[in-house]
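> kindly generate the corresponding structure for this input.
(3 chains)
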Amino acid sequence: MTDAATTMNGNTGGGLTTRNSGEAVRKSLKRRYAAEKRFQMYGILAIFFAICMLGLLFTTIIGKAVPAFTQTMINLEVTLYPQDIDPDGTRDPQVLSRANYRTIIRQAFFDLFPDVTSRRDKRQLFEMISPGAVFEIRDQVLKNPDLIGERVTIQMPLSDDIDQLNKGQIDRNLPEAERRVKDKQIAWFERLENRGLVETVFNTTFFTAGDSREPELAGIRGAAMGSLFTMLVTLLVSFPLAVSAAIYLEEFAPVNKWTQTIEVNINNLAAVPSIVFGLLGLAVFINFFGMPRSAPVVGGLVLALMTLPTIIIAARSALKSVPPSIREAAYGLGASPLQVITHHVLPLAMPGILTGTIIGMAQALGETAPLLMIGMVAFIVDIPQGPLDPSTVLPVQIYIWADSPERAFVERTSAAICVLLAFLVFMNVSAVFLRKRFERKW
Amino acid sequence: MNQSISQDTTGATPVTQSDAAPGIKIKADKVKVFYGEKQALFDVDLDINENEVTSLIGPSGCGKSTFLRSLNRMNDTIDICRVEGSIALDGEDIYDKNVDVVHLRARVGMVFQKPNPFPKSIFDNVAYGPRIHGLVDNKSDLDQIVQTSLEKAGLWNEVKDRLDQPGTGLSGGQQQRLCIARAVAVSPEVILMDEPCSALDPIATAKIEELIDELRSNFTIVIVTHSMQQAARVSQKTAFFHLGYLVEVDETEKMFTNPTDERTQGYITGRFG
Amino acid sequence: MSFPVLFGVLALLTIFGYFLGRSRALATAGGHVRNLHSLPNYYGYYIGLWCAVPGFLLLLAWMGFETSILDGMLVASLPADKQNLPAAELSLLINDVKNLSHGDVTSREVVDVALQDAADFYAHIKSMSKMLLTGILVVLACGGILLARQRIAPELRARNSVEKAAMVIMIICSTIAVLTTLGIILSLLFESLRFFEKVHPLDFVFGLEWSPQTAIRKDQVGATGLFGAIPLLAGTMLISLIAMCVAAPVGLMAAIYMSEYAPSKVRGTVKPMLEILAGIPTVVYGFFAALTVAPFFRDWGLDFGLTISSESALAAGMVMGIMIIPFVSSLSDDVMSAVPQSLREGSYGLGATKSETIRQVILPAALPGIVGSLLLAVSRAIGETMIVVMAAGLAANLTANPFEAVTTVTVQIVTLLVGDQEFDSAKTLAAFALGLILFCVTLVLNIIALTIVNKYREQYD
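Model (predicted):
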């Protein structure tokens, strides 16, 4: 009891003896709670930093991308003189598509500015119109040859510099030498605006065209198709291979040196830098087997090897999560091992396998480095029609555009990133959905 | 999660007892514990005497561990857990919002079912409490505390030559005594023990029981046990819990010879549990 | 017919074989399934396999070797003086011939008769090859079907055969991972050995100077180029170090906060956000680094009178660090949740605060696992390509100054291999030697890390 009495009155100093330490603890509390708060603050700061960076990344890219979805056009009235287009009146599409529409545009455009006479000025003036304007007329004429001889108003794109000027990306207050648009061009553009000929429209070219040296004519269609073919090859190769491998390793493989080797291999392969897979593709597929460079087929194979470990690991854990009781029940009814797997285990594991596959494919879709190695970085204007045609893919297109000096390509790069991210978000959301929808608790 | 971070510690000052009867260390009054929607304890009233061993017995899931854990607010670490009623330590409600859990737990230490030494050296395990609470100013004081604590836990002679080796390398019984030494080193007023011998062999168990009896002179001890023999051997007072209710509490001797409630009798004689 | 079409034909034949097998089996059994050894489906699969497997192998082999064989035939058909051209010119010539045979333009202004002849010959052998392939394929597939059909009888143990075949196919599939690793090692090693014939391995590994441009003319100065990998390795280390300086504290603290402090609601929103960070393609980070972060640092340096290169190691390293944050945080989160709850309770039971428990109990207990995950993160930083390609420099500076531009192993691999190059030059082969270094370093890091992490997991299982 005496001991207890000292306790209740609290004691000072450290507890060398058995006296209790309430008082000493209380003294330390303030300092300790300050440390606690500080520590917690570090954690919050860390998360805050990460989220800020995420926010910064998204806002800069989306902010830069927005202007790319519009394009400045001019509504130009042109006269389609038959002698320029189809002097013999054949209406042969071959002739129509080879006609010299450039002079027609030149004529019509110069007519708007009768005061521009010197050669140099004329050249600067004509630079304001995109080289792609001729295709607008050609397409119209090919679609409707009856227009020949008429005077029609055709909407055609202005050049990227004028487009940038119109979107306010070029500072008109800078000295003339420091900007790409000359004072005269600004004045001419303002005249066009005042006459109501300039219009800003949704940039459909961006979604329908292939790559181009001219920003206003460049689009992501070619890269998107390339990505599609590449992903198709990747999926067709990696999914069956990975699922078969996972089934064998998880359900049938004996535990021995060989299967252990395979397992260690798969884990290590998952962590090999992607560029090494590119080197493999270059050395084996292109140089040894002589497969075509820049083809989605090769890209797809390389990415398939790269995603293989991801899918195998996901598929194995999905198979593992199917309880053994199901297998036992099926074996008990006399099903063969393969029947047990194909009839019972695989269907139950499928949502998990698919989730892993989608995540692996999303990784592959965003992958760039290995594709650079196998030549998918070439400048390709045509939209690929199949997995053997030379093509590029979305992330590589982003890389190519990011390297281009024109200011207008910055917007297009950002816009292409937005498109790529949209695909990735869609894939990941569907993976999450799949997991939630079919998640089973045993 | 609900661990209060209040810096205001004035409320935790142990006032000189007026309302608590002398000799009563902890007084539980109408304690109810909920896990989410489910109620685990119903109106438990229990007085725990100072410098005595009180044992809590009852079948699995009867709420005895829950009650024990509410005595030093270990339940705070469980998100969905909620405690109603009052538990007074030296006459002061430990669930009062002015009470600081860190301070409370320094006064009410705990030993767990499974020995859980930290993955550190034996010395660092015992020194952990005094270090974090700032109980010592210099190395020699710390050495002294570690030695006394290990001596009290009856472990000193077995480990004095290998204090720098990991605590996880000891045998199960030694680990549990290390955990007791670790708790003792903070010089708490109360030590809670949650089935401290359930993971141990009979010889180690006997040692711990002996130890508990020795510790009684300096500490108030509350022990949860599955074994009625153990309760009979070590405790002065026994409380029997069943389905969340405190069925009966009495002197241990009386409880085991002449229980009043027939559920107690049934449990003691081994008809259920 | 092109390969996709041929694959389609094979698939159709296989399906036909399947139905043939089914009906044949039923017919031999007199329409009663119980007379058959296996279910009728299995007889279908039986024929299907006999049809598909040989055809599929044939197609793969043809796809793999067609080009090299045709090229060989083309070269053999050329006049002797053309055959003896240097390898680079010969490959250009072959390219022209191929383009000509497609009717495309060539790099030559004048197309001479010999070239046109070669092109015609190439077009001819190419179509021959396709016809031959189609013929063999159809014969092989139909032969398989007929052969298998012969064998179908009620006693045929079709299920057993099919399952045995399926097992063999699965075993082959499971070895793909090993074959890939083997392929990587062999191709890197083989090309590196060729590189080491031109550049001494010691000069490569310990050389302090990297300037791989080979001369166009033989008599130019520095025609051999300098291939000392040290500046690249140093640059890689510098950038990885900066990345880890960002990722390790931020990732670790984020993981601690999320696993120990955050209420479940916060965790539920923050965790997916960090995962988004992990899912962003690296080319996007590269663009972000080059467009936003690097100019920011450069301008910031100007304000303080520092010269920060616009391709500074700092910008690339920092963005790489941001990319690795979720990697570190999710791995260390796993590691820390593996620390048993009893240790936490033991510490709380003694009156420790949360941060004391984390710092003095959980972190030491989780240390091996955390070290393992940091090593994995380092290996990822070393192998990361796009961020450095877009934001780091090309010049190989040997410096430890984070404000200067450095280059990395991966950057050099990309620069050496992008664009058309003859395959035998030291420059191209150097990329493979660098790849070999990269592969070895990351492999060693991964093996160490995985071993540590696995040991750690076992400890608490």
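> show me the residue at the heart of chain B, geometrically.
residue B:192 (0.2 Å; Cα atoms, centre = their mean).
> that residue and chain A, how far apart?
Per Cβ to the nearest Cβ, to the nearest Å, residue B:192 is found 15 Å from chain A. In short, each C-beta sits where N, CA and C put it, glycine included.
> for that residue, what are phi and psi?
For residue B:192, the backbone dihedrals are phi -100, psi 130 (criterion: degrees, to the nearest 10).
> who's in contact with the residue nearest to it when sequence neighbours are not counted?
Spatial nearest neighbour of residue B:192, excluding adjacent residues (Cβ to Cβ, 6 or more residues apart in numbering or on different chains): residue B:110 at 4.5 Å. Residue B:110 is in contact with B:72, B:74, B:183, B:191-194, C:345, C:349-350, counting by Cβ atoms under 8 Å, 6 or more residues apart in numbering or on different chains.
> kindly report the same for residue A:241.
Going by Cβ under 8 Å, 6+ apart, residue A:241 touches A:304, A:308, C:173, C:176.
> any idea where the strands of the stretch 1-150 of chain B begin and end?
B:24-35, B:38-49, B:53-57, B:81-89, B:92-93, B:108-111 (DSSP state E, counting those that start in this stretch).
> and if you look at chain A?
A:70-79, A:151-157, A:198-202 (DSSP state E).
> turn these into JSON lines, columns for mean pLDDT.
As requested, the strands of chain A are exported to JSON lines (pLDDT from 0 to 100):
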{"stretch": "strand A:70-79", "mean pLDDT": "88"}
{"stretch": "strand A:151-157", "mean pLDDT": "87"}
{"stretch": "strand A:198-202", "mean pLDDT": "89"}
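> out of those, which is the most enclosed?
When you average the neighbours per residue for each of these (mean count of other Cβ atoms under 10 Å in any protein chain shown), strand A:70-79 leads with a mean of 20.
> neighbouring strands - and their directions - for it?
Using DSSP bridges, the strands paired with strand A:70-79 are strand A:151-157 (antiparallel), strand A:198-202 (antiparallel).
> any idea how far that strand is from the middle of the chain?
How far strand A:70-79 lies from its chain's middle: 31 Å, per Cα atoms, centre = their mean, to the nearest Å.
> kindly report the same for stretch C:444-452.
20 Å.
> swap in stretch A:40-59?
24 Å.
> could I get the buried residue list for it?
A:40, A:42-43, A:46-47, A:49-51, A:53-54, A:57-58 (16 or more other Cβ atoms under 10 Å in any protein chain shown).
> repeat for stretch A:432-439
The neighbour-count check on stretch A:432-439 (16+ other Cβ under 10 Å) flags A:434-435 as buried.
> about what we covered before: can you put the contacts of residue B:110 in JSON lines and add pLDDT?
Below are those laid out as JSON lines (pLDDT from 0 to 100):
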{"residue": "B:72", "pLDDT": "88"}
{"residue": "B:74", "pLDDT": "87"}
{"residue": "B:183", "pLDDT": "91"}
{"residue": "B:191", "pLDDT": "93"}
{"residue": "B:192", "pLDDT": "93"}
{"residue": "B:193", "pLDDT": "93"}
{"residue": "B:194", "pLDDT": "91"}
{"residue": "C:345", "pLDDT": "90"}
{"residue": "C:349", "pLDDT": "89"}
{"residue": "C:350", "pLDDT": "88"}
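> of the residues you listed, which belong to strands?
B:191-194.
> quick one: contacts for the residue lying closest to residue A:345 once chain neighbours are set aside?
Excluding its sequence neighbours, the residue lying closest to residue A:345 (Cβ to Cβ, 6+ apart) is residue A:322, at 5.0 Å. With contacts defined as Cβ under 8 Å, 6+ apart, residue A:322 is in contact with A:344-345, A:348-349.
> low-confidence stretches in chain C?
Scanning chain C for pLDDT under 70 picks out the ranges C:1, C:87-88, C:103-111, C:213-224, C:419-424, C:461.
> how is it carved up into domains?
C:3-156, C:226-460 (automatic domain parsing).
> circling back: chain B: which of the contacts of residue A:241 is nearest?
Using Cβ to the nearest Cβ, residue A:308 comes nearest to chain B of these, at 37.6 Å.
> mind listing what that closest one touches?
Neighbouring residues of residue A:308 by Cβ under 8 Å, 6+ apart: A:238, A:241-242, A:245, A:266, A:269, C:176-177, C:180.
> of all the residues you listed, which comes closest to residue B:132?
residue A:266 (44.3 Å; Cβ to Cβ).
> which ones are touching the nearest residue to residue C:52 once chain neighbours are set aside?
Excluding its sequence neighbours, the residue lying closest to residue C:52 (Cβ to Cβ, 6+ apart) is residue C:14, at 4.3 Å. By Cβ under 8 Å, 6+ apart, the contact set of residue C:14 is C:48, C:51-52, C:55, C:141.
> in helices, which of these fall?
Here DSSP state H is the test, and the contacts of residue C:14 give C:48, C:51-52, C:55, C:141 as lying in helices.
> gap between the two ends of stretch A:369-377?
Start to finish, the residues bounding stretch A:369-377 are 10 Å apart (Cα to Cα, to the nearest Å).
> contacting residues around it?
So stretch A:369-377 is contacted by A:226, A:230, A:273-275, A:277-279, A:281-282, A:285-286, A:293-294, A:296, A:298-299, A:302-303, A:306, A:391-393, A:395-396, A:399-400, C:282, C:385-386, C:389, C:410, C:413-414, C:417-418 (Cβ under 8 Å, 6+ apart).
> what separates it from the chain centre, distance-wise?
15 Å.
> which residues of the stretch 151-273 of chain B score low on pLDDT?
For the stretch 151-273 of chain B (pLDDT under 70), the answer is B:272-273.
> so which residues on it come close to chain A?
By the rule Cβ under 8 Å from any Cβ of the partner chain, the part of the stretch 151-273 of chain B lying against chain A is B:152, B:185-189, B:217-219.
> residue B:146: which of those is nearest?
residue B:185 (6.8 Å).
> which residue is the nearest non-sequential neighbour of that closest one?
residue B:149 (3.9 Å).
> for residue A:263, same thing?
Using Cβ to Cβ, 6+ apart, the closest residue to residue A:263 is residue A:249 (7.0 Å).
> what do you get for residue A:25?
residue B:106 (4.1 Å).
> need phi/psi at residue C:303.
The phi and psi values for residue C:303, taken as degrees, to the nearest 10, are phi -60, psi -30.
> stretch B:150-164 close to chain C?
No - against chain C, stretch B:150-164 shows no contacts by Cβ under 8 Å from any Cβ, the least distance being 14.1 Å.
> start to end distance for that stretch?
OK, stretch B:150-164 end separation, Cα to Cα: 14 Å.
> for residue A:236, see how far away the residue nearest to residue A:306 when sequence neighbours are not counted is.
Among residues not flanking residue A:306 along the chain, residue A:277 sits closest, at 4.8 Å (Cβ to Cβ, 6+ apart). Distance of residue A:277 to residue A:236, given as Cβ to Cβ, to the nearest Å: 18 Å.
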